[in-house]
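Novice: return a 3D structure for these sequence lines:
(chains A and B)
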Amino acid sequence: MDLNIRGLGKAFGGTIALHPTNLTVRQGSFTTLLGPSGCGKTTILRMIAGLETPDMGTISMGEEVIFSGASKKVVPTHQRGFGMVFQDFALWPHMTVFENVAFGLRAGKRTSRIRETVMEALDKVKLTGMHDRYPHQLSGGQQQRVAFARAVAITPRLVLFDEPLSALDAVLREDMRVEMMSLVRDLGLTALYVTHDQIEAMSMSDEVVVMNSGRILQSGTPEEVYGEPSDAFVARFIGKSNWLVPDHTMFRPEHLLWDRTGEDCHSFVVEITHVSYVGERYEFRVKAEAYGEQWTAYHHTRLAVGTKTEVYLPHHRLHHLNESK
Amino acid sequence: MRHIRAWSIALALLVLTIMIVVPLVEIFIQSVYRDGELQWAAPLRTLADAELIKVLLGSIWLGICVIAGTTILALPLAWIMVNTRLARWRWLDIVFLIPFMTPPYIGSMGWILFMQKNGYLEQLVPGLASVTPVFFTFGGMVTIMSLHLFPFLYLLLRGALERIGGSLEEAGAVLGAPFTYRFRRIIAPLLLSAYGMGAMLIFVKTIAEFGTPVTFGKRIGYEVMTSEIHKYISSWPIDFGKATSLASVLLTACLLIWYAQSVLSRRFTYSLVGGKGMRRSSLHSQGRGTWIYVIFVTLVLLLSIGVPYFSIIAASTMKLRGVGLAWNNFTQDYYKELLTWGSTSMRSLMNSVLLSLAASTIAVILGTWFAIVIGRSRTRMERTTDLFSLLPNTVPGIVMVVGLILLWNSPWMPIPLYNTYGMVILTYIILFVPYTVQYVKSAFGQIDPSLFQAGQVFGGKPHYVFRRVLLPLIVPGMMAGWMMTFTIASRELVGSLLILPPSVQTSATYIFAQFEQGQVSLGMAMAVVSVGLTTMMLVIIESLGSKRKWNA
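Specialist: Residues are numbered from 1 along each chain as shown, chains lettered A, B, ... in the order given. The predicted structure is shown next:
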């Protein structure tokens, strides 16, 4: 069952949060909505969950229409059968871990084998033996796992993630990212994930949907949105970009070569203006003669600031934004 | 530096002990020390008195009924202000505080004038003449007190509902729970803990209240502990034994409930894991039925603000009471008379202003010192200071005042402060120093310690860091404390009634005396002036840029 969104739009007061938008989340895929804050990604998520009412458009799950602006059909939140992991976890402080996870099962009157189901879910998130604790007795990472277990225990047809890692510190975030990704894959879940962190988006997703100011700019595999951005904003927002013609012609820093190869190459004379050592390599800011912007380049040894040298770029690495549109 | 701080804590504790703890201990001592000998059973014997048992039960029953009354008002109001369109009208929150900020004795007088025989209700709707006597019963008293205290419960409940209404309820909806199930499993249990706390505090505030029992309660003959204590120490036959016994019972009850409240709140108040700013859930935001909510809010405001203020303003501008509400019966003469320089009323008003100015200024200095000593209340000494300095907020005003009389009027007291203006100022300071302590403490708690460390690193000596870093950051808290102390002290009734030297009056005792003697117009003119004056001051200072949020 795919989730299909057609012409979905929403305005808050006078400001448009989401221009009419189409989006498909394929069954079994991990799709990420990526964009800066205020771009409308959380609004889409909350409209899918039924926590926000769209102004127009339709949302359907397979054949079932769960929202239709034209026929005024709104399936209430609790009948949509989704799971959701909230940004602030939203664990109920007066319930134990067990009761938190069991909530969805009890609410749906699926109480046979409830204990086994909950324990299995807790097992999967490595919280075996923690079922008697209260949320405030858990660490941030553990709370995150409970929130995840709660969302998947009801075997939802779609799990929604609202920036679930943003409340965690950096080290924990990295661990949880890997763990959550493998859990989603193992359980065969369909996931829609919202984040402003491009590393999360790129590393976890089958499909990345880049948004800005209420519109979807591009969607595709992580490789596609990185390698062939269709929009200047996408090119700048994801990874680093070097521009030959601002907003039109660009390439990625790692493709700039210091030695000529057999391929057909452009060559530029550049002057190194800044060096920084980041551990696995040196990062340079370089200025090419006849080009306005500074570029980024990588090298494995240190080169002095002020050095002038010739660099090469294979023709096929050059990406023209307008042509790919 | 370290030993200066140690001395400062020790000195603060000493001052607090003398000012606050000793008078309260004195109450207990006096209640068991009769006729020059120790009689442990004396308070019990006093309490076994059937009359006093009745008074005790009267207080408790009143407390329970007022909890019910405030709940009927506050719970729907909190729900409306969180979940409906009216939530956008944030200014209503300030309006809801007006009843709480109105001195209860003035509110009660307003209601008496409104409901009494030939009162304003009968003049406005003559058909209701048969109903008004029903108001002068226990039910009327509960109504008046509930209308005064409900904002307190409302603020607590609204806060709780706001926290629950965000993602906690949404999570339930997403996981398949319909509204009734969400209400039963999520909203009700979480709300109940907040409500329990609020109800306990309402109970304590009710049994500690003096203004309504002494005006309205006396009129209908419903006696409670505070009004009885007042009777035993102010009117013949004076019986300090009974007064202290009652005071110690009241004191114990209040301390116990506060203690239970703080233990329970530590156990059952959940610190909800906060995320980014609260998002209003759209689960309930349907536009239907808004008019019902508007009617409810209007009705609450009409009863809690409209009626009492209408009555006192009408009473103060009426030439002849017999003529009643009519435009040709309007006059400003009472205000002219009231504000004539040299008149009793003007002297009372000036007494109030000057005494409150002195008291609030000293209270702010003392309170700030205590708050800085308390700091982040990490050590036992700091926590004790915290506890002592907030005691006057916990203890009913009349009990505190009785304790002060016992201490400063005792034969062995070498300092001749009693029966002077100094005693009144001291009483006000003690009664209201907790406000400054709380405001400054919360301002201080928000300052990151690294700000002081930065001050030291950049070469600031302790007093320089104090002057340039700490002081500017806590000045808003001090201003708030000063304002609050001045406002409340200038209308304070119970301390003024019992402590003022003979033949000296403040605006509060003036209002009280005029009302008792039937000189309603002058008394109510004074009420309008004193409430108006303090309100104006609050508005002016607020608009001068202190961005403090109101909290009750």
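Novice: neighbouring contacts of stretch B:377-389?
Specialist: The contact list for stretch B:377-389, computed with C-beta atoms under 8 Å, 6 or more residues apart in numbering or on different chains, reads B:9-10, B:12-13, B:16-17, B:20-21, B:367, B:370-371, B:373-376, B:433-434, B:437, B:441. In this view, the C-beta of every residue, glycine as well, is placed from N, C-alpha and C.
Novice: in helices only, show me those.
Specialist: Under the assignment DSSP state H, these contribute B:9-10, B:12-13, B:16, B:367, B:370-371, B:373-374, B:433-434, B:437, B:441 to helices.
Novice: need these in TSV (columns: distance to A:Thr190, pLDDT and neighbour count).
Specialist: TSV is the format used below for the ones in helices among the contacts of stretch B:377-389 (distance: C-beta to C-beta, whole Å; pLDDT from 0 to 100; neighbours: other C-beta atoms under 10 Å in any protein chain shown):
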residue	distance to A:Thr190	pLDDT	neighbour count
B:Ile9	62	90	19
B:Ala10	67	92	13
B:Ala12	63	93	23
B:Leu13	64	93	19
B:Leu16	64	93	22
B:Gly367	60	94	28
B:Phe370	59	94	25
B:Ala371	55	92	28
B:Val373	59	89	22
B:Ile374	55	89	27
B:Val433	62	94	30
B:Pro434	57	93	23
B:Val437	56	93	29
B:Lys441	51	89	26
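Novice: so which of those is the closest to chain A?
Specialist: Of all the ones in helices among the contacts of stretch B:377-389, the one sitting nearest chain A is B:Lys441; the distance, using C-beta to the nearest C-beta, is 24.3 Å.
Novice: I figured the closest one hits B:Ile374, correct?
Specialist: Yes. B:Lys441 lies in contact with B:Ile374 (C-beta atoms under 8 Å); the separation is 6.0 Å.
Novice: next structured bit after the longest strand anywhere in chain A?
Specialist: Under DSSP state E, the strand in chain A containing the largest number of residues is strand A:265-277. As assigned by DSSP states H and E, the chain's next helix or strand after strand A:265-277 is strand A:282-288.
Novice: which other helices and strands does the biggest helix by length in chain A contact?
Specialist: Scanning chain A for the longest helix, with DSSP H as the assignment, gives helix A:170-186. Secondary-structure packing of helix A:170-186 (3 or more C-beta pairs under 8 Å, 6 or more residues apart in numbering or on different chains; DSSP states H and E): strand A:30-34, helix A:140-153, helix A:198-204.
Novice: chain B: which of the ones you listed is closest?
Specialist: Of all the helices and strands packed on helix A:170-186, helix A:140-153 sits nearest to chain B, with 6.7 Å by C-beta to the nearest C-beta.
Novice: which other helices and strands does whichever helix or strand comes after the closest one contact?
Specialist: Going down the chain from helix A:140-153, the next helix or strand is strand A:159-162, by DSSP H and E. Packing partners of strand A:159-162 (3+ C-beta pairs under 8 Å, 6+ apart): helix A:41-49, strand A:83-85, strand A:191-195.
Novice: A:Pro164 contacts A:Met84, doesn't it?
Specialist: No. With contact defined as C-beta under 8 Å, A:Pro164 does not reach A:Met84; the gap is 9.4 Å.
Novice: low pLDDT regions in the stretch 301-450 of chain B?
Specialist: For the stretch 301-450 of chain B, applying pLDDT under 70 flags the ranges B:322-323.
Novice: now the helices for it?
Specialist: With DSSP state H, counting those that start in this stretch as the criterion, the stretch 301-450 of chain B has helices at B:307-316, B:333-338, B:344-374, B:380-394, B:397-408, B:421-445, B:449-457.
Novice: same check, this time on the stretch 1-150 of chain B
Specialist: B:2-16, B:22-32, B:42-48, B:50-83, B:91-101, B:104-115, B:120-124, B:132-135, B:138-165.
Novice: can you tell me the closest non-neighbouring residue to B:Phe135?
Specialist: Spatial nearest neighbour of B:Phe135, excluding adjacent residues (C-beta to C-beta, 6 or more residues apart in numbering or on different chains): B:Met115 at 4.3 Å.
Novice: ok, and the closest non-adjacent residue to the residue of the stretch 201-325 of chain A found nearest chain B?
Specialist: Closest residue of the stretch 201-325 of chain A to chain B, C-beta to the nearest C-beta: A:Gly214 (17.9 Å). Leaving aside its sequence neighbours, A:Gly214 sits nearest to A:Gly40 (C-beta to C-beta, 6+ apart; 4.3 Å).
Novice: what is the burial count for the residue of the stretch 1-150 of chain A found nearest chain B?
Specialist: Chain B sits closest to A:Asp88 of the stretch 1-150 of chain A, with a gap of 2.5 Å, by C-beta to the nearest C-beta. Close neighbours of A:Asp88, defined as other C-beta atoms under 10 Å in any protein chain shown, add up to 23.
Novice: what do you get for B:Phe458?
Specialist: 9.
Novice: measure it to B:Gly375 for me?
Specialist: Separation of B:Phe458 from B:Gly375 (C-beta to C-beta, to the nearest Å) stands at 22 Å.
Novice: now do A:Val184
Specialist: Applying C-beta to C-beta, the value for A:Val184 to B:Gly375 is 48 Å.
Novice: neighbour-wise, which of those two wins?
Specialist: Under the neighbour definition other C-beta under 10 Å, A:Val184 and B:Gly375 were set side by side, and A:Val184 has more, 20 against 17.
Novice: is the more buried one in contact with A:Phe161, as I believe?
Specialist: No. Counting by C-beta under 8 Å, A:Val184 sits too far from A:Phe161 to count as a contact (9.0 Å).
Novice: for these two, list the residues in contact with both.
Specialist: Counting by C-beta under 8 Å, 6+ apart, the residues touching both A:Val184 and A:Phe161 are A:Ala191.
Novice: contact residues of the stretch 101-250 of chain A facing chain B?
Specialist: Counting by C-beta under 8 Å from any C-beta of the partner chain, the residues of the stretch 101-250 of chain A close to chain B are A:103-104, A:107-108, A:135-136, A:143, A:150-151, A:154, A:160, A:167.
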